[in-house]
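>>> here you go, sequence then predicted model.
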Protein chains: 2
Amino acid sequence: MTTTNERKILVAVDEGEESTYALSWCLKNVVAEDSKDTLVLLYVKPPQVVYTALDGSGYLFSPDIIATMDNYRNQVAESVIEKAKKLCKDLQDVKVETRVEQGDPRDVICSAAEKMGVDMVVVGSHGYGMIKRAFLGSVSNHCAQNAKCPVLIVKKPKTSAATTSTSS
Amino acid sequence: MTTTNERKILVAVDEGEESTYALSWCLKNVVAEDSKDTLVLLYVKPPQVVYTALDGSGYLFSPDIIATMDNYRNQVAESVIEKAKKLCKDLQDVKVETRVEQGDPRDVICSAAEKMGVDMVVVGSHGYGMIKRAFLGSVSNHCAQNAKCPVLIVKKPKTSAATTSTSS
């Protein structure tokens, strides 16, 4: 009847536009300004793939390259979280927490939601970042089926072709 | 940042407990009391299966039985809608509309959402009524993938075994 206070809402953020849209939509439509909601921004780093090639076959990355890749992944994580935090800066009473975890986003999101006992999970509808495009939609699907709490799947509307005027 | 006024929220209701829970959750967490939201309660009647047996094989229902079944389906629809409306009765400024349609709930919900230009669809996570249990979860999945707007999938938490005390 009235917006419940002190909810905990987990928003999965990534480097994609859809996740930015999902967060904005959530801020506009779900998080009430005068509430004492806690917003948890979760970014899941893709797992580090290290091919140890004991038998000489396969790939072997030097420690240098691994460090560079890891550094890059951390920078991406930081920039995603910073961007997400900026979107939330106008929220006055809402507490914003950030978390960076690593692994398969499908599992990490669901288990983080359960561990933290959140009231709701918000995800973009399309996969989870460019890297995960192969699993188009599977993160949101997986969360919807496996999270123990309500899941809001936000789809970025297709930009209308209003600006292009080829027919005129 | 602030709850947007005058949103249109479509809640798919059915005879199951999960749908009742989804509606209650939505009323508590999404619909703001002071908003001018419109809540559309949609019940989708299962399609009437009529086996016309022109060749004498298969099933053939007499017009009497068909009328009885149809009557029953209408009563179910009415009772589901009435129950849902009761849940909404404490909402003051929120406009509540009801709709009964017929067909495959997956398609009907998505197309109704699009036709009405709703801002959000709310569905329970488990199928769509007992009859549709075979499609466990497929309605929410389908909506999440096909609706053009954000979809909130609400899962009824398993009742904790706190009341049963076999171990004490």
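Structure's in. What do you need?
>>> go through stretch A:42-49 and flag the buried ones.
If you call a residue buried by 16 or more other C-beta atoms under 10 Å in any protein chain shown, then stretch A:42-49 has these buried ones: A:42-46. For every residue, glycine as well, the C-beta is placed using N, CA and C.
>>> now render those residues as JSON lines, adding pLDDT and secondary structure.
Shown next, in JSON lines, are the buried residues of stretch A:42-49 (pLDDT from 0 to 100; DSSP: H, G, I helix; E, B strand; the rest coil):
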{"residue": "A:Leu42", "pLDDT": "97", "secondary structure": "strand"}
{"residue": "A:Tyr43", "pLDDT": "96", "secondary structure": "strand"}
{"residue": "A:Val44", "pLDDT": "94", "secondary structure": "strand"}
{"residue": "A:Lys45", "pLDDT": "91", "secondary structure": "strand"}
{"residue": "A:Pro46", "pLDDT": "82", "secondary structure": "coil"}
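>>> between these, which is nearest chain B?
Nearest to chain B among those is A:Leu42, at 18.3 Å by C-beta to the nearest C-beta.
>>> and chain B, which of the buried residues of stretch A:42-49 contact it?
On the criterion C-beta under 8 Å from any C-beta of the partner chain, none of the entries of the buried residues of stretch A:42-49 sits beside chain B.
>>> could you dump those into CSV and include distance to B:Lys156?
Listed next are these as CSV, based on distance: C-beta to C-beta, whole Å:
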residue, distance to B:Lys156
A:Leu42, 24
A:Tyr43, 29
A:Val44, 27
A:Lys45, 33
A:Pro46, 33
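>>> distance check, A:Lys115 against chain B.
Applying C-beta to the nearest C-beta, to the nearest Å, the value for A:Lys115 to chain B is 16 Å.
>>> from A:Ser62, how far out is that residue?
Per C-beta to C-beta, to the nearest Å, A:Lys115 is found 36 Å from A:Ser62.
>>> swap in A:Ser140?
Applying C-beta to C-beta to A:Ser140 and A:Ser62 gives a distance of 37 Å.
>>> which one of those two is surrounded by more residues?
Neighbour count, other C-beta atoms under 10 Å in any protein chain shown: between A:Ser140 and A:Ser62, A:Ser140 has more, with 33 against 8.
>>> right, and the more buried one touches A:Gly124 too?
Yes: assessed by C-beta atoms under 8 Å, A:Ser140 is found in contact with A:Gly124 at 7.1 Å.
>>> show me what the helix-or-strand element of chain A with minimal mean pLDDT is packed up against.
For chain A, counting by mean pLDDT, DSSP states H and E, helix A:138-146 ranks last in confidence among helices and strands (a mean of 85). For helix A:138-146, the elements it packs on are helix A:105-116, strand A:120-124, strand A:151-154, helix B:138-146, judged by 3 or more C-beta pairs under 8 Å, 6 or more residues apart in numbering or on different chains; DSSP states H and E.
>>> buried set for that helix?
Here helix A:138-146 shows A:139-146 as buried, counting by 16+ other C-beta under 10 Å.
>>> got the angle for that helix vs helix A:105-116?
Using axes from the mean of the first three to the mean of the last three C-alpha atoms, to 10 degrees, the direction of helix A:138-146 lies 40 degrees away from that of helix A:105-116.
>>> please tell me how far the closest residue to A:Leu87 other than its chain neighbours sits from chain B.
Sequence neighbours aside, A:Leu23 is the residue nearest to A:Leu87 in space, at 5.5 Å (criterion: C-beta to C-beta, 6 or more residues apart in numbering or on different chains). For A:Leu23, the distance to chain B equals 12 Å [C-beta to the nearest C-beta].
>>> and chain A, which residues reach chain B?
Residues of chain A lying near chain B (C-beta under 8 Å from any C-beta): A:1-4, A:7, A:22, A:25, A:27-30, A:32-33, A:90-91, A:119-120, A:125, A:137, A:140-141, A:144-145, A:147-155, A:157.
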